[in-house]
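1. Dropping a prediction and its sequence here:
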Amino acid sequence: MALAACLALAGCSSSDDGDKPKDKNTGGTGQSASPSGGSGNGSSGGKVAVKDIAGAWAAVLQGKPTALVISGTNVALGGEHTCSGTVSDNSMAMIELKCADGNTDRAAGMPSLSADGKTLTVKWEGGKTDTFTKSELDGKLPTGIPTAGLPTP
């Protein structure tokens, strides 16, 4: 359902750094640096609590709508690859995923939260960096779309 919510959102954020040139002033993804100048919860290198990143996050990765859903210590990624896994709440939060198709591009990553809590950036082992925007729907269907015949949650 989170992927459907992402499709309904007009504001899904683009994030995959793919072949974009690195820019030392923007954190390497071609996007502007956060006002805090750091990662985590607004402090440089700060710990991200799982409770702070829980919810539904949306992005467009490699041209495909993608949803990242974090509930407790469970994580699901839906888009080009369908993956599930966990997020640890140790000294540094770490997302670990296994994809149904065996893809390992996003097998392990470190999340950081923007100071305003609206943007989640995940730096994946292997070099990819994805930036997700907090879904305002967070588990609710968007208004204005036909829902007749859909099962009720």
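-> Nice, I can see it.

2. can I get the CA coordinates of stretch 57-64 in PDB?
-> C-alpha atoms of stretch 57-64 as PDB (Å, rounded to 0.1, in the frame of the first residue of the first chain):
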ATOM      1  CA  TRP A  57       8.900   7.500   3.000                       C
ATOM      2  CA  ALA A  58       8.700   8.100  -0.800                       C
ATOM      3  CA  ALA A  59      11.200   8.700  -3.500                       C
ATOM      4  CA  VAL A  60      11.700   8.300  -7.300                       C
ATOM      5  CA  LEU A  61      14.800   6.000  -7.800                       C
ATOM      6  CA  GLN A  62      16.100   5.500 -11.300                       C
ATOM      7  CA  GLY A  63      12.800   6.800 -12.600                       C
ATOM      8  CA  LYS A  64      10.600   4.500 -10.600                       C
END
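
3. Quick check: which ranges of this structure have low pLDDT?
-> Residues of the chain meeting the criterion pLDDT under 70: 1-46, 137-153.

4. 90 instead, please
-> 1-52, 62, 72, 89-93, 126, 135-153 (pLDDT under 90).

5. And the strands in it?
-> Ranges of strands within the chain are 13-14, 55-61, 64-71, 74-78, 83-88, 94-99, 108-113, 119-124, 129-134, based on DSSP state E.

6. Any idea which of those strands gets closest to Val48?
-> strand 108-113 (5.3 Å; CB to CB). Bear in mind the C-beta positions are built from the backbone N, C-alpha and C, glycine included.

7. got the CA positions of that closest one in PDB?
-> Output in PDB follows, covering the C-alpha atoms of strand 108-113 (Å, rounded to 0.1, in the frame of the first residue of the first chain):
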ATOM      1  CA  ALA A 108      22.900  -2.400   4.100                       C
ATOM      2  CA  GLY A 109      22.700   1.300   4.700                       C
ATOM      3  CA  MET A 110      23.000   4.000   7.300                       C
ATOM      4  CA  PRO A 111      20.000   6.400   7.600                       C
ATOM      5  CA  SER A 112      20.300  10.000   8.500                       C
ATOM      6  CA  LEU A 113      17.400  12.400   9.200                       C
END
